[in-house]
Each structure stands twice: as structure tokens, then as C-alpha cells.
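Novice: Turn this into a model:
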Amino acid sequence: MSLELESLGWGPDLGHAFTVLLSESSLPLVPGRVVRQARGLLSVQTSGRVFLARTAGRLLHEAPGAEALPTIGDWVALQLPSGDGEALLHAVLPRRGVLARREAGSERDVQLIAANLDVVFLVTGLDDNYNPRRIERALAVAWNSGAAPVVVLSKADLHPDVPERVQEVEALAPGVPVIALSAHTGEGVEALRALLPAGKTGALLGSSGVGKSTLVNLLLGEERLATQAVSEEDGRGRHTTTHRELFVLPWGGLLIDAPGLRELGLWGDEEGVDQAFSDILALAEGCRFSDCQHQGEPGCAVHAAVAAGELPRARLDSFDKLRRERAYLARQTDAAAQREHKRVMRNLSRAGAEGARFKRRGG
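Specialist: Next up is the predicted model:
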């Protein structure tokens, strides 16, 4: 399939980066975008056609970690095959809007979900899948990507009071668009299209069974992806999508679909959590102490808001949980942070020992 690179999101910044790369390489390279990723196999769309590509050994060897290797949505530099073989992927062009999570079962490794995103659609079903705490976590992950988050409440036809649910989610996601969508009635489809104009790239993020594949089919106007019903036994979604793929939508928007994620570990700095809980940070400006941890300190404006019914206790608990998780991750991945944590713990231990000796002396 022949496509203009501009229709895939190519722009002047990428053109400049590729020109610099060419000037530093003796290889005959062409630019392309990763449009499919399945079990380590990559399909790359160039202006001429789609090539099956494998990562060059030098890039694999020199990459400092998994985050430096190509993923769905990446713009890359290819060396084309002389015949019908595989292309060689030699470089990943500068990224923006990188959606990532902590690798499931790991404390120090990252898994890239998609790259070069303008918007992240956080999809949750208005059925048994609905979970406010999961939405808050997904928002923290999405904000860290640098792309703009949008909450999509799918299966709106299954809920008796959709406006009330939308209002509840808007309170969880200050300043974030919230779209109630139904694949059966078409509700919310036009609002979603407006947030993904031609040349812009979005990604769907959500657990299995929330209707991501159904949404892709709806936007494509054809049954391209297989779908399955949610299990009646345990209400869990089934993994229909087994690969990641970038779709060019009829009006020119670009959408990445990926398998559902049961775990969504935080990755990145504190900014994502801070943006996801901007309402709590705004309240914290009224705390008596600038370093207030909102754990019962005198003059804590956050706890005052909880006591007055202005801030749900569950939301503050969620904020505390994600903040602790992020701090723990920083200690695992940042040597300086680990040293500082050990220093603080040593000082606390010394203070505790001195306090115990003081009491024994009858002080």
C-alpha cells in the first residue's frame, strides 16, 4: 500500500532528524512508521509499501534498555531488502508522546505501549468493569506520556444514568474530556472523532472486554477486528487482540489498538500522579506546612476538605497509594534516590535508638 508519509503524521521535525541521521550514516536508509507489532515482529509502512522488519544487531547491542528499542507508532530508519526479504531497522527517530508502564511482575523494567501519540483514550466500560480507582491510575500513566488523556465510557447503553456517571468521572479527572460512548446507538462517536483529527495519533488504553476492538471497527466502518463477549462467569474480558496495530481511519486520524492490560504499573516521574490529582494539590496549597504529607498534620487543608465532605476519602487514599508506589519505583530505578532513602532510614533508626536510650535513662 502506497501512502504519503504526511498522512501517517510525518512532519518537518522528523524530516530534519532523518536528514541529520542520513548525513551520519553510509547506509541507504528510508523513513517509515511501525504500524504493527506482534511477538517481536514489526511491520513498517514506508511511502512505498509495508515491510516486515527486524531490528539491526547494532541497535539491539547499543540500546541502553528496552525503552530504546522500536515499538508501535515509532518512526524509524530502514535499510530495504534487495528482494522479498526482511528490512533492517537501524534507528528510532526522536519520539514524543510515549505511553509506558512498569513491566508486569518487575520492579525496574519498563514496557513501551505506543509512541508518538497526541491523545490517549482511556476506555472503561459502564458495566462491571467500571472502577474509579483504575481510572485514576490510568490517568497518571497517560499524563506521564506527554499526550492528552481522554476518558471514554463505553457501553453507555448499559447504564441507567449516564449523565451522573459522566459527572462522577469528571470529578476524578479535572480538565480531562469525558465521552460516554455506545457502539450500538452511536452516542459519543462524533465527539471522539473531533478529538482525533487527520494526521493525529491516538491510542486505546484499557483492560480486556471494555470494547476497544468494537470501537476500532466502529470508527473504521467495517468489521476489521474480531470481538468477543465478556465472560458471563466472572465478568472478565477476553483477550481478543493479540498484537498492536496502527489504523488509518477514514477521515485521516490514526488510532493504535493493543491487547488489554490487567496490570498498569506506574512509570516515569511524579508529574503524572500530580496532574491526575491536581485538585488535591490545589487544596494542599492551603496546608499550614509546605511539606505536609496529608497524614494528619496540624493545619492540613486536604484532611479538612475530607472532613467537610468536599474531597472523597477514597480519592485521597488513591493519591497516597499511587504516590507511595511512585516513590518506591524511584528508589528501585534511581541510584541517587536509593542512597537518599537509605540515609533517611539510617537517621530515623539512629533517632529511634537515641530516643529509646533517653527513655531508659528516665528522661
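Novice: Would you map out the domains in the chain?
Specialist: Segmentation of the chain into domains, based on automatic domain parsing, reads 5-92, 99-257, 271-360.
Novice: out of the ones you listed, deepest packed?
Specialist: Greatest average neighbour count among the domains of the chain goes to domain 99-257 (a mean of 19), per mean count of other CB atoms under 10 Å. Using the backbone N, CA and C atoms, a C-beta is placed for each residue, glycine as well.
Novice: and that domain, average pLDDT?
Specialist: Taken as a whole, domain 99-257 has an average pLDDT of 87.
Novice: who's in contact with the nearest residue to Gly296 once chain neighbours are set aside?
Specialist: Distances taken as CB to CB, 6 or more residues apart in numbering place His303 nearest to Gly296, at 6.6 Å, with adjacent residues excluded. Shown in contact with His303 (CB atoms under 8 Å, 6 or more residues apart in numbering): His294, Gly296, Leu316.
Novice: quick check, nearest of those to Arg54?
Specialist: Nearest to Arg54 out of those is Leu316 (CB to CB; 48.3 Å).
Novice: tell me which element the closest residue to the closest one other than its chain neighbours is part of?
Specialist: Counting by CB to CB, 6+ apart, Leu316 lies nearest to Val306, which is 5.8 Å off, once chain neighbours are set aside. Using DSSP states H and E, Val306 falls within helix 301-307.
Novice: Please apply the same query to Leu27.
Specialist: Residue-wise, Leu27 maps onto no helix or strand under DSSP H and E.
Novice: C-alpha coordinates for stretch 60-71, PDB please?
Specialist: The C-alpha trace of stretch 60-71 is given here as PDB (Å, rounded to 0.1, in the frame of the first residue of the first chain):
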ATOM      1  CA  LEU A  60      20.000  -4.200  19.800                       C
ATOM      2  CA  HIS A  61      23.500  -4.200  21.200                       C
ATOM      3  CA  GLU A  62      23.800  -0.500  21.800                       C
ATOM      4  CA  ALA A  63      20.300   0.100  23.200                       C
ATOM      5  CA  PRO A  64      20.700   1.000  26.900                       C
ATOM      6  CA  GLY A  65      17.400  -0.700  27.700                       C
ATOM      7  CA  ALA A  66      14.000  -1.900  26.300                       C
ATOM      8  CA  GLU A  67      12.800   1.700  26.100                       C
ATOM      9  CA  ALA A  68      15.300   2.500  23.400                       C
ATOM     10  CA  LEU A  69      14.000  -0.300  21.100                       C
ATOM     11  CA  PRO A  70      11.300   0.300  18.500                       C
ATOM     12  CA  THR A  71       7.600   0.000  19.400                       C
END
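Novice: what about that stretch, distance to the chain center?
Specialist: In terms of CA atoms, centre = their mean, to the nearest Å, the centre of stretch 60-71 is found 19 Å from the chain centre.
Novice: which residues are contacting that stretch?
Specialist: With contacts defined as CB under 8 Å, 6+ apart, stretch 60-71 is touched by 34, 37, 42, 55, 59, 76, 89, 92, 100, 103, 109-115, 244.
Novice: mind running it again at 6 Å?
Specialist: Residues outside stretch 60-71 that contact it (CB atoms under 6 Å, 6 or more residues apart in numbering): Val34, Val76, Leu89, Val92, Val110, Leu112, Ala115.
Novice: Let's see which of these end up in strands.
Specialist: Residues of those located in strands (DSSP state E): Val34, Val76, Leu89, Val92, Val110, Leu112.
Novice: okay if I get those as CSV plus distance to Trp251?
Specialist: Below are the ones in strands among the contacts of stretch 60-71 laid out as CSV (distance: CB to CB, whole Å):
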residue, distance to Trp251
Val34, 22
Val76, 26
Leu89, 30
Val92, 28
Val110, 33
Leu112, 27
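Novice: In terms of helices and strands, where is Leu59?
Specialist: Counting by DSSP H and E, the element that carries Leu59 is helix 57-62.
Novice: Likewise for Leu21?
Specialist: Element membership of Leu21 [criterion: DSSP H and E] is helix 12-23.
Novice: same question, Ala53
Specialist: strand 50-55.
Novice: Same check on Ser213?
Specialist: Element membership for Ser213 (DSSP H and E) is helix 212-220.
Novice: following that helix, which helix or strand comes up?
Specialist: Following helix 212-220 in sequence order, the next helix or strand is strand 244-248 (DSSP H and E).
Novice: name the helices or strands packed onto the helix or strand just after that following strand?
Specialist: Next along the chain after strand 244-248, taking DSSP H and E as the criterion, comes strand 254-257. Under the contact criterion of 3 or more CB pairs under 6 Å, 6 or more residues apart in numbering; DSSP states H and E, strand 254-257 touches strand 201-205, strand 244-248.
Novice: Give the next helix or strand downstream of strand 254-257.
Specialist: Per DSSP H and E, the first helix or strand lying C-terminal to strand 254-257 is helix 271-276.
Novice: That next one: how far from the chain's middle?
Specialist: Using CA atoms, centre = their mean, the offset of helix 271-276 from its chain centre is 12 Å.
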